[in-house]
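Asks: turn this into a model:
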Amino acid sequence: MLIQQSRLAAMGEMINNIAHQWRQPLNLLGLLAQELPITYATEEFSEQYL
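Replies: Numbers count the residues shown, from 1 in each chain. Alright, predicted model coming up:
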């Protein structure tokens, strides 16, 4: 039972690390997407900016 519990704990830690690696770039994309309407409203939006 202790071996199985240890394996499950290790798997949970690994899954948590993988999820963290996915959240970082997704968070950046979300922030950039939120900035686009603000930039468009201030007329600084251009093809080069995009």
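Asks: can you pull out the helices in the protein?
Replies: Secondary structure of the chain (DSSP state H): helices at 2-41.
Asks: any weak-confidence spans in it?
Replies: Nowhere does the chain drop to pLDDT under 70.
Asks: and Tyr40, how many residues sit next to it?
Replies: Using other Cβ atoms under 10 Å, the number of residues around Tyr40 comes to 13. For glycine as for every other residue, the C-beta is placed from the backbone atoms N, C-alpha and C.
Asks: please report how far it lies from Ser46.
Replies: The gap separating Tyr40 from Ser46 is 10 Å, by Cβ to Cβ, to the nearest Å.
Asks: and the closest residue to Leu36 other than its chain neighbours, how many neighbours does it have?
Replies: Closest residue in space to Leu36, ignoring its immediate chain neighbours: Phe45 at 7.5 Å, by Cβ to Cβ, 6 or more residues apart in numbering. Counted with other Cβ under 10 Å, residues neighbouring Phe45 total 14.
Asks: backbone torsions only: list them for Phe45.
Replies: Geometry field for Phe45 lists phi and psi as phi -80, psi 130, criterion degrees, to the nearest 10.
Asks: ok, it touching Pro37?
Replies: No: applying Cβ atoms under 8 Å as the test, Phe45 and Pro37 come out as separate, 9.2 Å apart.
Asks: quick check: Leu8 vs Gln48, distance?
Replies: 51 Å.
Asks: give me the more crowded residue out of those two.
Replies: Between Leu8 and Gln48, counted using other Cβ under 10 Å, Leu8 has the larger neighbour count: 10 against 5.
Asks: show me the contacts for Ser6.
Replies: Contacts for Ser6 (Cβ atoms under 8 Å, 6 or more residues apart in numbering) come out as none.
Asks: that one and Tyr40: what is the separation?
Replies: For Ser6, the distance to Tyr40 - Cβ to Cβ - is 53 Å.
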